[in-house]
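Engineer: Okay, here's the prediction I keep looking at, along with the sequence it came from:
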Amino acid sequence: MVVTDLRYPIGPETAGTPLADAIRDLEEAPILLRQAVRWLGDAQLDTPYRLDGWTLRQVVNHLAGSHAHGYCRCHLALVEDTPEVKGYRQELPDAGTLPVEIPLDLFEALQCRLVALFRSLTPEQWSRPFRHSQRGLMTVEQLAVFLAWHARHHTAHITSLRERMGW
Amino acid sequence: MSRYNPFMEDLRYPVGPMTFDTPIPESLVILEEAAARFREAVRGLDDAQLDTPYRPGGWTVRQVIHHVPDSHMHMYCRCRFALTEDSPAVKSYDEARWAELPDARTLPVDVSLGLLEGIHRRLVALLRTLTPEQWKRGYLHSEMGLVPLERVIPMYAWHCRHHAAHITKLRERMGW
């Protein structure tokens, strides 16, 4: 039996995803996330996806919050020269209690705007850089690829828990 | 940028200058209702009308609609920093250049109306959980200094009314 790391259900972060695939992944991400939590009750949403991990509700809230930051960073990189952006460490307490419809709707609207923006970018804009306080220098392209992976990564936390639990 | 002039009718400031004083409960209601008000403000407008500047040399109605969620998304991220770090320094940003990005000039307004609704629902849900002590937490802005959340939120409630009035006033003047 292969022992997998529950924290990385789709494996470690991938850097080499072609842009077209990343954009398509982002476009589909809100649907897949919504499907992942469909029919789950509050008790299930409040179950950690692994021992000492976030609850499913926190995972969904984290995705919406984190992609909101990604959206702002992307804008900054497009209009300023190598802006410095900050990573954040803590999740807010409301992430543990909010109904998931709120972050699901936000996440959907966000990807919609983000994908429209990405489809309008020139090669020069894709290579515009920003400096992240924890990850160092990144381009808009790397950000898009990261966000696509990030959405699949967290969605898989939910779907893999459901598989293990038989939900 | 030139400031509000109370002695002339200024198309840029249809609801008057920025205010920080709207009570918090009222500000939260304004934020909750903002997406519906913008939806109402653009109801029935066609693409040519959406691409009309709200004043000579100003943003088009479409750019105004895309600008509001962009700006409030930043505010939302700033609030999160303010709640989890001690007086974090936040970046000011060039909103004029954002509004010139191609998506803000061409994208259907529905996308941004949905986004605004999503941000405000998430934000207001968060704000309704705050203790009096958390409302005093703030961020350090390069031009305004330390701004506590209890002043940030009235400011953005004003921002909603300000931009919605750009659109409704234009419609009044044009007889749309």
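Structural biologist: Received, thanks.

Engineer: From here on, just use CA atoms for contacts and neighbour counts.
Structural biologist: Fine.

Engineer: Quick one: residues contacting the residue of chain A found nearest chain B.
Structural biologist: Nearest residue of chain A to chain B: A:L106, at 4.2 Å (CA to the nearest CA). By CA atoms under 8 Å, 6 or more residues apart in numbering or on different chains, the contact set of A:L106 is A:64, B:114-115, B:117-119, B:122.

Engineer: which bits of chain B sit near chain A?
Structural biologist: Taking CA under 8 Å from any CA of the partner chain as the criterion, chain B approaches chain A at residues B:70, B:73-74, B:77, B:80-81, B:83-84, B:93-94, B:97-98, B:102-103, B:107, B:111-112, B:114-115, B:117-119, B:121-122, B:125-126, B:129.

Engineer: redo that, cut-off 7 Å
Structural biologist: Neighbours of chain A within chain B, by CA under 7 Å from any CA of the partner chain: B:73-74, B:77, B:84, B:97-98, B:102-103, B:111, B:114-115, B:118-119, B:121-122, B:126.

Engineer: Check those for burial and list the buried ones.
Structural biologist: Taking 16 or more other CA atoms under 10 Å in any protein chain shown as the criterion, what is buried in the residues of chain B next to chain A is B:73-74, B:77, B:84, B:98, B:103, B:111, B:114-115, B:118-119, B:121-122, B:126.

Engineer: Of the residues you listed, which pair is most distant in space?
Structural biologist: Greatest spatial distance among these (CA to CA): B:T84 and B:D103, at 31.9 Å.

Engineer: does chain B sit close to stretch A:45-58?
Structural biologist: No - judged by CA under 7 Å from any CA, stretch A:45-58 makes no contact with chain B; its nearest approach is 13.3 Å.

Engineer: What separates the first and last residues of that stretch, distance-wise?
Structural biologist: The first and final residues of stretch A:45-58 sit 9 Å from each other (CA to CA, to the nearest Å).

Engineer: Show me which residues of the helix or strand where B:S27 lies are buried.
Structural biologist: Taking DSSP states H and E as the definition, B:S27 sits inside helix B:24-42. Buried residues in helix B:24-42, counted by 16+ other CA under 10 Å: B:24, B:27-28, B:30-32, B:34-35, B:37-39, B:41-42.

Engineer: Would you mind listing the outside residues contacting the very next helix or strand once past that helix?
Structural biologist: Remark: after helix B:24-42, the chain's next helix or strand is helix B:47-50, criterion DSSP H and E. Contacts to helix B:47-50, defined as CA atoms under 7 Å, 6 or more residues apart in numbering or on different chains, come from residues B:60-62.

Engineer: Among these, which lie within strands?
Structural biologist: Among the contacts of helix B:47-50, no member falls in strands (DSSP state E).

Engineer: quick one, helices of chain B?
Structural biologist: Taking DSSP state H, the helices of chain B run over residues B:24-42, B:47-50, B:61-84, B:95-99, B:102-106, B:109-127, B:132-135, B:149-174.

Engineer: again, but for chain A
Structural biologist: Ranges of helices in chain A, per DSSP H, are A:19-37, A:42-45, A:56-79, A:101-119, A:123-126, A:140-165.

Engineer: Any chance you could give me the first one in PDB, C-alpha atoms only?
Structural biologist: Okay, so that is helix A:19-37. Below are the C-alpha coordinates for helix A:19-37, written out as PDB (Å, rounded to 0.1, in the frame of the first residue of the first chain):
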ATOM      1  CA  LEU A  19      -0.700  28.500 -18.700                       C
ATOM      2  CA  ALA A  20      -3.700  27.400 -20.800                       C
ATOM      3  CA  ASP A  21      -4.200  24.500 -18.400                       C
ATOM      4  CA  ALA A  22      -3.800  26.700 -15.400                       C
ATOM      5  CA  ILE A  23      -6.400  29.100 -16.600                       C
ATOM      6  CA  ARG A  24      -8.800  26.300 -17.500                       C
ATOM      7  CA  ASP A  25      -8.300  24.900 -14.000                       C
ATOM      8  CA  LEU A  26      -9.100  28.200 -12.400                       C
ATOM      9  CA  GLU A  27     -12.200  28.500 -14.500                       C
ATOM     10  CA  GLU A  28     -13.400  25.100 -13.300                       C
ATOM     11  CA  ALA A  29     -12.300  25.600  -9.800                       C
ATOM     12  CA  PRO A  30     -15.500  27.200  -8.400                       C
ATOM     13  CA  ILE A  31     -17.600  24.300  -9.800                       C
ATOM     14  CA  LEU A  32     -15.300  21.600  -8.500                       C
ATOM     15  CA  LEU A  33     -15.200  23.300  -5.000                       C
ATOM     16  CA  ARG A  34     -19.000  23.600  -4.900                       C
ATOM     17  CA  GLN A  35     -19.300  19.900  -5.900                       C
ATOM     18  CA  ALA A  36     -16.700  18.900  -3.300                       C
ATOM     19  CA  VAL A  37     -18.900  20.200  -0.400                       C
END
